[in-house]
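Novice: I need the structure of the sequence given here:
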Amino acid sequence: MVQAMIKQQDLEAASVDYENNFIMLRENLKFSGKTLKEWAIELSVEFPDDITFMDIQQLSNEIDRCFSVAHNNYIVAQGVYSFLKRSLEIDTINAHIDLDNEGPGPRRTIVDKDRIVAARVKDSADKVIIAEFISEFWKEQVKLLDRRQKTLEQIHWALKTEKEIK
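Specialist: Numbering: from 1, shown residues only. Next up, the predicted model:
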């Protein structure tokens, strides 16, 4: 029971660390000259409380503009992520080859070799993690803007139906 409580406490502490790291990344990590937080703010489209048909067209145009930016950035981010991921695979293979070519030395288990290789490619692995984070950010922005467009379409149909009933 005590061991289970310790594990729960460790998980809770780690969860706080992850949340803090996520916030730090979002607020400080830059993509094309802006932080992800700045991009999220720039691409947010708010609906007025008392929306009209005129607002719908303007909001639709704004969502389309933001969607285009988000989609283009997602394509770029996904390309960078794929490139870095492939580079990591190549770096890992080369690190294994280099380790095997180092000649006689202490006997190493497969686990030992994997640890050594992981340490040698750590920078590349970190870049892949960051690139994946950025790619997922843009993927979520695209999904969010798509949902905003669908919501706007529903509002349009509701206003149109309301007008026809009157």
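Novice: Specify the residue ranges that define each domain of this structure.
Specialist: Domain ranges of the chain: 1-39, 73-166, per automatic domain parsing.
Novice: for the helix ranked longest in the chain, packing partners?
Specialist: Longest helix in the chain, counting residues (DSSP state H): helix 53-101. Packing partners of helix 53-101 (3 or more Cβ pairs under 8 Å, 6 or more residues apart in numbering; DSSP states H and E): helix 110-120, helix 122-165. The C-beta positions use only the backbone N, C-alpha and C, and glycine is treated the same way.
Novice: looking only at pLDDT, what's the mean for the longest one?
Specialist: This points to helix 122-165. For helix 122-165, the mean pLDDT works out to 94.
Novice: relative to helix 110-120, how tilted is it?
Specialist: Put simply, helix 122-165 runs at 70 degrees to helix 110-120, going by axes from the mean of the first three to the mean of the last three Cα atoms, to 10 degrees.
Novice: Could you list the low-confidence segments of this protein?
Specialist: By pLDDT under 70, the weakly predicted segments of the chain are 1-6, 9-11, 13-15, 18, 166.
Novice: Please tell me how far the nearest residue to Ala77 once chain neighbours are set aside sits from Met24.
Specialist: Using Cβ to Cβ, 6 or more residues apart in numbering and skipping the chain neighbours, the partner closest in space to Ala77 is Ser135 (4.2 Å). Ser135 is 18 Å from Met24, where distance means Cβ to Cβ, to the nearest Å.
Novice: More neighbours: which of those two?
Specialist: Taking neighbours as other Cβ atoms under 10 Å, Ser135 and Met24 compare with Ser135 leading, 21 against 10.
Novice: Name the SS class of Pro104, please.
Specialist: Using DSSP: H, G, I helix; E, B strand; the rest coil, the three-state assignment for Pro104 comes out as coil.
Novice: what's the answer for the one 4 residues further on, then?
Specialist: Using three-state DSSP, the structure places Arg108 in coil.
Novice: who's in contact with it?
Specialist: By Cβ atoms under 8 Å, 6 or more residues apart in numbering, the residues touching Arg108 are Ile116.
Novice: Begin at 16, not 1, for the rest of this chat.
Specialist: In the new count, where the first residue is 16, that last one comes out as Arg123.
Novice: Could you report the distance from it to Lys137?
Specialist: Note on Arg123: its distance to Lys137, by Cβ to Cβ, is 18 Å.
Novice: The closest residue in space to Ile170 that isn't next to it in sequence: helix or strand, and which one exactly?
Specialist: Of all residues not flanking Ile170 in the chain, Ile66 sits nearest, at 6.0 Å (Cβ to Cβ, 6+ apart). Here Ile66, judged by DSSP states H and E, is contained in no helix and no strand.
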